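Q: Next one to model:
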Amino acid sequence: MEIIHISAECYPMAKVGGLADVVGTLPRYQQELGHYVKVVVPMHRTKFLYDHEWVVDHKGSFGMGPFQYEYTIIKEKHNTLGFDLYCVDIFGLLDREKVYTYEDDTERFTAFQIAVVDWLSNWQHRPDVVHVHDHHTALIPFMMQHCFAYRQLASIPTVLTIHNAQYQGWMGWDKSHYLPAWDSWQWGKLDWNDTINPLASGIKCASKVSTVSPSYMEELTSTANGLEKLFEYERGKCSGILNGIDTTVWNALTDTYILDNFSEADVDAGKQLNKKKLCQDFGLDINKPLFIFIGRLVAEKAADLLPLAIGDALYHMNNKMNFLILGSGDPDLEKQLAAMNQHYVGYYNSQIGYNEKLAHQMYAGADFILMPSRVEPCGLNQMYAMRYGTVPVVRSTGGLKDTVIDFGEPGGFGIRFNSASVWDITYSIHRGVDLYHDKETLAAVRQRMMQVDNSWQSSAGKYINLYQSI
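A: Sure thing, here's the model as predicted:
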């Protein structure tokens, strides 16, 4: 099959979160299964863009409301990622470094989607599947079916994968003229609660809808930021397919970012050497268990609970552990976590921002990773951590529930808790400290988690089966 993935992010071209990791990896595994896969993203002005060679594939133009735009499609010349990568450039809209958080994101991503559909309509053949990701591309199935200029694409099957249903791309009906001329009888396929809701439109119009874990699919019928009834109604075409990870990148035995490589056979010694370097760099005590947090500092990840939970854990357990934070997000929380560096010298440190090399070093050197998320559609960090023998401490939600078994259960290797609360986090940290000092159990837990197969092979095949069903 010829498969087209359309997304706002694709690692390493542009990354904000897990969406980029999925779109940067799943297509390569599908290509290895014998399919022809293309990925299309906006032409963000990133280091990857300037470090690689590109060729112009297509030029076109379209109208969006009162404005006329020209667009250019470029293709990465050397197939560096193992699949064809295309970027869409629109002067004044997509020629920026950051992926999101601009005031005109509605206009930017609407224009991106129109350009992609216009490009597809100029092909001399038709792809077998168009696979769109999250609300930034979720209007494409509607446009392919109901915009007059593009109805020749209506017979192409479409799949929408929802990586996070909390963000839906809402836009007022006053911006409905942004879309190319469309059949006004179909307005209901754009509408949800008297506004244009791109994610809701994608759910209604796509041939199939998937989420990034089975548990998250079930949760969306009760907690979907206003779309619960829609998910219940469309349940018959929805399924949950657990994300995988790139096991060639996340591999303690070959990782070039870490100080000392190791495998299951020497995990304890290997982790100790990496932990020693990490503790030296951040002024922490190597003899104490090291808990880390890596990710976005936002309420969705329950990162706002970290300052109080860390403070309580250190106070009530007499500073028996260390903490290291890597992430960015809410500015006030960033300042609060950074200020804690001075209050808990020798027990706590943080680095605000994101550093890929440091993330790998933290996975390799830490004993535990904290993931107290309020919402976690799949989660990749717990799977990365497991590859390095780092025990995941997670809330039982979404993909965390699907991928982590509590070490108190048969075959377990993690620590799970039920509520996104300071009490549950600190209690789980206490369990982690006890586990750390039970060396025999800890060694068995590390062995079990490093043997879990979270690669993309299985998941990539499930997506192929989904495509074939339509």
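
Q: residues in contact with the residue nearest to residue 431 when sequence neighbours are not counted?
A: With sequence-adjacent residues excluded and distances taken as Cβ to Cβ, 6 or more residues apart in numbering, residue 431 is closest to residue 415, at 5.4 Å. C-betas here are computed from N, CA, C, even on glycine. Residue 415 is in contact with 368, 391, 392, 393, 394, 406, 407, 428, 431, 432, 435, counting by Cβ atoms under 8 Å, 6 or more residues apart in numbering.

Q: Check residue 164 too.
A: When the contact criterion is Cβ under 8 Å, 6+ apart, the partners of residue 164 are 19, 134, 300, 375, 377.

Q: how about the strands in the stretch 201-350 of the chain?
A: Along the stretch 201-350 of the chain, counting by DSSP state E, counting those that start in this stretch, strands occupy 208-211, 238-240, 290-297, 322-329, 348-352.

Q: My read is that residue 253 contacts residue 263, right?
A: Yes: here residue 253 lies in contact with residue 263, judged by Cβ atoms under 8 Å, at a distance of 4.9 Å.

Q: Can you name the next helix or strand after the helix or strand hosting the residue nearest to residue 431?
A: According to DSSP states H and E, residue 415 maps onto strand 415-417. Proceeding N to C from strand 415-417, the next assigned helix or strand is helix 422-437, under DSSP H and E.

Q: List the contacts of that next one.
A: For helix 422-437, using Cβ under 8 Å, 6+ apart, the contacting residues are 289, 291, 302, 305-306, 308-309, 312-313, 316-317, 320-321, 367-368, 370, 372, 391, 393, 395, 407, 415-418, 441-442, 445.

Q: who are the neighbours in contact with residue 402?
A: 213, 214, 215, 242, 378.

Q: Then residue 296?
A: Applying Cβ under 8 Å, 6+ apart, we find residue 296 in contact with 17, 303, 327, 328, 329.

Q: so what's the fourth one closest to, chain neighbours aside?
A: Same thing as residue 328. Counting by Cβ to Cβ, 6+ apart, residue 353 is the residue found nearest to residue 328 once chain neighbours are left out, at 5.2 Å.

Q: Report the contact partners of that neighbour.
A: The contact partners of residue 353, taken as Cβ under 8 Å, 6+ apart, are 326, 327, 328.

Q: And the second one, how close does it get to residue 457?
A: Counting by Cβ to Cβ, to the nearest Å, the gap from residue 327 to residue 457 is 30 Å.

Q: related to what we said a few turns ago, in JSON lines: the strands of the stretch 201-350 of the chain, plus distance to residue 11.
A: Listed next are the strands of the stretch 201-350 of the chain as JSON lines, based on distance: least, Cβ to Cβ, whole Å:
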{"stretch": "strand 208-211", "distance to residue 11": "20"}
{"stretch": "strand 238-240", "distance to residue 11": "22"}
{"stretch": "strand 290-297", "distance to residue 11": "15"}
{"stretch": "strand 322-329", "distance to residue 11": "17"}
{"stretch": "strand 348-352", "distance to residue 11": "20"}
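
Q: nearest to residue 130, of the contacts of residue 296?
A: residue 17 (22.6 Å; Cβ to Cβ).

Q: That closest one contacts residue 7, doesn't it?
A: No: between residue 17 and residue 7 there is no contact under Cβ under 8 Å: 11.6 Å.

Q: of the two, who's got more company?
A: residue 7 (25 against 17; other Cβ atoms under 10 Å).

Q: Can you list the buried residues in stretch 71-89?
A: Judged by neighbour count (16 or more other Cβ atoms under 10 Å), stretch 71-89 contains these buried residues: 71-76, 81, 83-89.

Q: Would you mind giving these as a markdown table with distance to residue 195, secondary structure and pLDDT added?
A: Output for those, formatted as a markdown table (distance: Cβ to Cβ, whole Å; DSSP: H, G, I helix; E, B strand; the rest coil; pLDDT from 0 to 100):
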| residue | distance to residue 195 | secondary structure | pLDDT |
| --- | --- | --- | --- |
| 71 | 27 | strand | 98 |
| 72 | 32 | strand | 98 |
| 73 | 31 | strand | 98 |
| 74 | 34 | strand | 98 |
| 75 | 36 | strand | 98 |
| 76 | 37 | strand | 98 |
| 81 | 36 | coil | 95 |
| 83 | 35 | coil | 97 |
| 84 | 36 | strand | 98 |
| 85 | 33 | strand | 98 |
| 86 | 31 | strand | 98 |
| 87 | 30 | strand | 98 |
| 88 | 26 | strand | 98 |
| 89 | 29 | strand | 98 |
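
Q: I'd like those laid out as a markdown table, including distance to residue 156.
A: Supplementary listing: the buried residues of stretch 71-89 in a markdown table, determined by distance: Cβ to Cβ, whole Å:
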| residue | distance to residue 156 |
| --- | --- |
| 71 | 20 |
| 72 | 23 |
| 73 | 18 |
| 74 | 23 |
| 75 | 21 |
| 76 | 24 |
| 81 | 24 |
| 83 | 19 |
| 84 | 18 |
| 85 | 21 |
| 86 | 17 |
| 87 | 22 |
| 88 | 19 |
| 89 | 24 |
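
Q: What is the burial count for residue 300?
A: Neighbour count for residue 300, taken as other Cβ under 10 Å: 18.

Q: Is it correct that it is in contact with residue 371?
A: No: with contact defined as Cβ under 8 Å, residue 300 does not reach residue 371; the gap is 11.6 Å.
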